[in-house]
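> what's the 3D shape of this:
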Amino acid sequence: MEQTSGDVTHPEEDYLDAVRAHAPASTKEVADAVGVTRQGADYRLRQMESDGEVESKMVGNSLVWMIIDDE
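Below you'll find the model as predicted:
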């Protein structure tokens, strides 16, 4: 599934790459890496969490994202 913003399309793999690069990744780090708003990244990451692709965890006052291990 892809997120579209105007004529800019952001494939799911962009989100996964951003989470991998910053793991554990804050929503803002993912948003900056993908080139979307923090709210847009949060929405997409929550969809991906529902699909079992990423997981979130509260660290202090921040929500961070990690790739779910398939092992």
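> just for the chain, where's the confidence low?
Across the chain, the ranges flagged by pLDDT under 70 are 1-8, 70-71.
> ok, which stretches of it are strands?
Counting by DSSP state E, the chain has strands at residues 2-5, 8-11, 25-26, 54-59, 62-67.
> tell me what the last one is packed against?
Of the remaining helices and strands, those touching strand 62-67 by 3 or more Cβ pairs under 8 Å, 6 or more residues apart in numbering; DSSP states H and E are helix 12-22, strand 25-26, helix 27-34, strand 54-59. For every residue, glycine as well, the C-beta is placed using N, CA and C.
> go on, the shortest one?
Under the contact criterion of 3+ Cβ pairs under 8 Å, 6+ apart, strand 25-26 touches strand 62-67.
> now the strand it packs on: how far from the chain's centre is it?
Mean-position distance between strand 62-67 and its chain equals 8 Å (Cα atoms, centre = their mean, to the nearest Å).
> Next, the buried residues of it.
The neighbour-count check on strand 62-67 (16 or more other Cβ atoms under 10 Å) flags 63-65, 67 as buried.
> Report the contact partners of the residue most central in space within the chain.
Closest to where the C-alpha atoms of the chain average out (Cα atoms, centre = their mean) is Leu45, at 4.1 Å. Leu45 makes contacts with 15, 19, 27, 30, 54, 56, 65, as judged by Cβ atoms under 8 Å, 6 or more residues apart in numbering.
> Can you flag the buried ones in the residues you listed?
Counted by 16+ other Cβ under 10 Å, the contacts of Leu45 give 15, 19, 27, 30, 54, 56, 65 as buried.
> Which pair of those spans the longest distance?
Tyr15 and Ser56 (12.8 Å; Cβ to Cβ).
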